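Student: Show me the folded form of this:
(chains A and B)
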Amino acid sequence: MTALIELKGVEKHYGDYHALRGIDLEIRAGEFFSLLGPSGCGKTTLLRTIAGLEEVSSGSIRIDGRDMKGVAANHRPTNMVFQSYAVFPHLTVAENVGFGLRRDPRGKTEKARAVEEALDMVGLAGYGKRRAHALSGGQRQRVALARALILKPKVLLLDEPLSALDRLMREQMQLELIRLQRQVGITFILVTHDQEEALVMSDRIAVMFEGEIGQLADPETLYRRPATKRVAQFIGKMNFLPGALSADRREIDIAGLGRVATAGLATSGEIGGAVSVGIRPETLAILFEGETAPRREVQGVVSEVVYYGDMTYYDVRVEGIERPLTVSMKNLIGRPVLDVGAAARLAWDERALVLLPG
Amino acid sequence: MRGAPLRVYAILYLLFLYAPIALLPLFAFNDATIIAFPLSGFTTHWFTDLVANAALRQAVGNSLFIAAMTAIFATLLGLCAARAGAMARFPGKGGIIGFVMLPLVLPEIIVAVSLLIVLRQVLGLNLNNWTVISAHVLICTPFSIAILNGAFQNLDPSIEEAAMDLGESRFSAFRLVTLPLVMPGIISSMLIAFTISLDEFIIAFFLTGANPTMPVYIWGLLRFPAQLPVVMALGTILVALSVTLLIIAELFRRRGLARAGIKDTGGFL
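Tutor: The predicted structure is shown next:
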């Protein structure tokens, strides 16, 4: 697949503040791409440089093979859905959606039909005559989407579009955005700080920290083989255990768990020096009466219980490990919820371990 | 009853504020040269005198012209400053905005004297309506900025960017989206600047040329007691005009809020 958007060495300074530090990135045509990171990591700035709302300090951005240097936002093949939606409050819904068609040579009735179609696509058919300021948050969001999609951009940029919606609405819109993206086939670039949202929606995700890309991968790789502790912490929950590599690097001695061959461990790249081993809470299991560990087992004591309804999260203290291990257990039929202080046998599996630097 | 003394105080306060103004129309329609009770009968001839007075007509004309020009220029400058204050980021912004707002608290007499020196001694200009206009723009701009700041603060800064993103140039984005949304603020600002300029005396007194403005002319009239009822008549018209303008300004402000779907928080009336 060819790259639709190519960023090379993109830098952005605001006075002394270094917002983007040498971003190299290729985004493919038709992809649902996410920029994920904590607030202040530069993800929105990066999106705005692609949109043409910010000038890059250095480096180049190419969209569809064309260098975007000196090309203003109104001449780029991109459209944006703003975090605040930026729906024009003094216009009607139809006037909002049709705003970008002002310079379109088509006739009035054709434009009106295009507006109707766009409204229909986002589930707002018949809302055209309403005043924009009388809409709910979710409806404004749809107006902003229709307003951008009606121009058939090469790239649709979404700046935290779901952050202002309540949970139920957000989950519904996530699925709807995925459906829309498949339907129109336009490349979507989503900025979000919500790791779950990124995992659910994206084909690929770039995790950003402090103006740099920490890791770029598909959701499953990102979750199963995070490149660094930081990425691992940002995406889902993970336990970290210090490990010591043997001289020949064939084996690793993990605090509290013992020796494991390094050959079977997931890792993204060459690891040397200080290493940690990561274990996701759901890959550990507490063994209840009569159960035996399929592979490995370790003794511990429950030090904390957090009940979520469908799941229970346990902190289990294991000798030789400084911080208790977090274990998530599904609350299956007949399975009791353990109390703090209860002895717990933990099953673990070396295939679920991730070798990380540091 | 708790609060009763406070209520009496409030009523006395309002009486003190507005009773002298209420006397204006009373004596404007009173058929006597001397401003004193008892009243001696109804007349409208002070108003006909007023219209017949060519010098006064000229003064009113000057004042209206100066006020209109001041309203336009002060609002234009205020628009630029308020937009920059709300949307732009640049070094030293706080200091610059503070400096622009300074004439709000500067004593007018100081402004008047320094401007007179600069205009006459340094630049060697003749005093005319435009010298008054330039000084009035100076003192009215901070008011315009304050009013327009409110309009811009209610505005989502992404809105202009959204218009640009949808294909409009920077200027047409401003014209199509920002301008209609801050238009009520613009009208309020123009009306306020107009009112301030219309009755401003000190600066006009120093900087006016051969043709005095209306307040300066009225001040001159006070030396002739026989003309006092004419001044009362003029004052009546001005009060009516001011109240009307203020009501219009407030109506526009409320309409603007309603149009942008914002909850009302305060205002003039």
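
Student: any idea where the helices of chain B begin and end?
Tutor: Residue ranges of the helices in chain B, as given by DSSP state H, are B:4-28, B:45-52, B:54-87, B:93-101, B:108-116, B:129-153, B:158-165, B:170-173, B:179-198, B:202-207, B:214-221, B:228-260.

Student: And the first one, what's buried?
Tutor: If I follow you right, that is helix B:4-28. B:24-25, B:27-28 (16 or more other C-beta atoms under 10 Å in any protein chain shown). C-beta: built from backbone N, CA, C; applies to glycine.

Student: could I get these as CSV with distance to B:Ala210?
Tutor: Shown next, in CSV, are the buried residues of helix B:4-28 (distance: C-beta to C-beta, whole Å):
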residue, distance to B:Ala210
B:Leu24, 29
B:Pro25, 32
B:Phe27, 31
B:Ala28, 29
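
Student: restrict those to those near chain A?
Tutor: Applying C-beta under 8 Å from any C-beta of the partner chain, the subset of the buried residues of helix B:4-28 adjacent to chain A is empty.

Student: Grab the two from those that are most spread out in space.
Tutor: By the measure C-beta to C-beta, B:Pro25 and B:Phe27 form the most distant pair in the buried residues of helix B:4-28, at 7.7 Å.

Student: Are there residues contacting both of the two? Which ones?
Tutor: By C-beta atoms under 8 Å, 6 or more residues apart in numbering or on different chains, B:Pro25 and B:Phe27 have these common neighbours: B:Met232.

Student: which stretches of chain A have low pLDDT?
Tutor: A:1, A:268-272 (pLDDT under 70).

Student: circling back to that earlier point, out of the helices of chain B, nearest to A:Gly98?
Tutor: That would be helix B:158-165 among the helices of chain B, by C-beta to C-beta, at 12.9 Å.

Student: what does the stretch 51-200 of chain B have sitting close to chain A?
Tutor: So far as C-beta under 8 Å from any C-beta goes, the stretch 51-200 of chain B lies against chain A at B:91, B:156, B:158-159, B:161-170, B:173, B:177, B:180-181.

Student: Give the ChimeraX command for selecting the buried subset of the residues you listed.
Tutor: In ChimeraX, this line selects whichever of these come out buried by 16+ other C-beta under 10 Å:
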select /B:156,158,159,161,162,163,164,165,166,167,168,173,177,180,181
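
Student: Which residue does the stretch 1-150 of chain B have closest to chain A?
Tutor: B:Pro91 (7.5 Å; C-beta to the nearest C-beta).

Student: Now for that residue: which residues touch it?
Tutor: Contacts of B:Pro91 (C-beta under 8 Å, 6+ apart): A:Gly15.

Student: Which residues of the stretch 51-200 of chain A lie near chain B?
Tutor: A:51-53, A:72-74, A:78-80, A:82-84, A:86, A:88-90, A:99-100, A:102-103, A:131, A:133-134, A:144, A:147-148, A:151.

Student: Can you show me the helices along chain A?
Tutor: Under DSSP H, chain A gives helices at A:43-51, A:93-97, A:108-121, A:137-149, A:167-184, A:195-201, A:219-224, A:229-234.

Student: Please tabulate the ones you listed in CSV, including the columns distance to A:Arg351 and mean neighbour count.
Tutor: Converted to CSV, the helices of chain A look like this (distance: least, C-beta to C-beta, whole Å; neighbours: other C-beta atoms under 10 Å in any protein chain shown):
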stretch, distance to A:Arg351, mean neighbour count
helix A:43-51, 33, 24
helix A:93-97, 51, 25
helix A:108-121, 44, 16
helix A:137-149, 42, 23
helix A:167-184, 31, 15
helix A:195-201, 21, 20
helix A:219-224, 11, 18
helix A:229-234, 17, 19
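
Student: Quick one: residues contacting A:Ile83.
Tutor: Slight slip there: residue A:83 is Gln, not Ile. By C-beta under 8 Å, 6+ apart, the contact set of A:Gln83 is A:44, A:159-161, A:163-164, B:158.

Student: Chain neighbours aside, what residue packs nearest to B:Leu64?
Tutor: B:Leu198 (7.4 Å; C-beta to C-beta, 6 or more residues apart in numbering or on different chains).

Student: What of B:Leu155?
Tutor: B:Leu181 is the one closest to B:Leu155 (C-beta to C-beta, 6+ apart), at 5.8 Å.

Student: what about that neighbour, distance to B:Ser144?
Tutor: 17 Å (C-beta to C-beta, to the nearest Å).

Student: Confirm for me that B:Leu125 is in contact with B:Ile117.
Tutor: No - if you go by C-beta atoms under 8 Å, B:Leu125 and B:Ile117 don't touch, sitting 11.6 Å apart.

Student: so what sits against both of those two?
Tutor: Common neighbours of B:Leu125 and B:Ile117 are not found (criterion: C-beta under 8 Å, 6+ apart).

Student: what residue of chain A is the furthest out?
Tutor: Most distant residue from the mean C-alpha position of chain A: A:Gly107, 41.2 Å away (C-alpha atoms, centre = their mean).

Student: Per the annotation, how does chain A divide into domains?
Tutor: A:3-225, A:237-357 (automatic domain parsing).

Student: For residue 209, which residues are in contact?
Tutor: If you meant another chain, say so; for now it's chain A. A:37-38, A:41, A:230, A:234.

Student: Chain B, not that one
Tutor: By C-beta under 8 Å, 6+ apart, the contact set of B:Gly209 is B:126-129, B:131.

Student: Quick check: the residue of the stretch 51-200 of chain A nearest chain B.
Tutor: A:His133 (2.8 Å).

Student: Pretty sure A:Leu118 sits against A:Leu151.
Tutor: Not Leu; residue A:118 is Ala. No - counting by C-beta under 8 Å, A:Ala118 stays clear of A:Leu151, with 9.4 Å between them.

Student: ok so, going back, next up, the contacts around the residue nearest to B:Leu64.
Tutor: Listed by C-beta under 8 Å, 6+ apart, the contact partners of B:Leu198 are B:63-64, B:66-67, B:214, B:238.

Student: Going by distance to A:Gln183, which of these wins?
Tutor: Nearest member of these to A:Gln183, counting by C-beta to C-beta, is B:Ala67, at 59.1 Å.

Student: Give me the pLDDT value at that closest one.
Tutor: Looking at B:Ala67, its pLDDT reads 93.

Student: now do B:Ser188
Tutor: Value for B:Ser188, per-residue pLDDT: 85.

Student: Run a quick neighbour tally on it.
Tutor: 27 (other C-beta atoms under 10 Å in any protein chain shown).

Student: okay, now the residue nearest to it when sequence neighbours are not counted: neighbour count?
Tutor: Excluding its sequence neighbours, the residue lying closest to B:Ser188 (C-beta to C-beta, 6+ apart) is B:Ala249, at 4.5 Å. By the measure other C-beta under 10 Å, the count of residues near B:Ala249 is 23.

Student: Same question for A:Val81.
Tutor: A:Val81: 26 neighbours (other C-beta under 10 Å).

Student: mind listing what it touches?
Tutor: A:141, A:144-145, A:148, A:156-159, A:161.

Student: What is the most widely separated pair among those?
Tutor: A:Gln141 and A:Leu157 (14.3 Å).

Student: Would you mind measuring the gap between the ends of stretch B:187-206?
Tutor: Distance across stretch B:187-206, first residue to last, is 29 Å (C-alpha to C-alpha, to the nearest Å).
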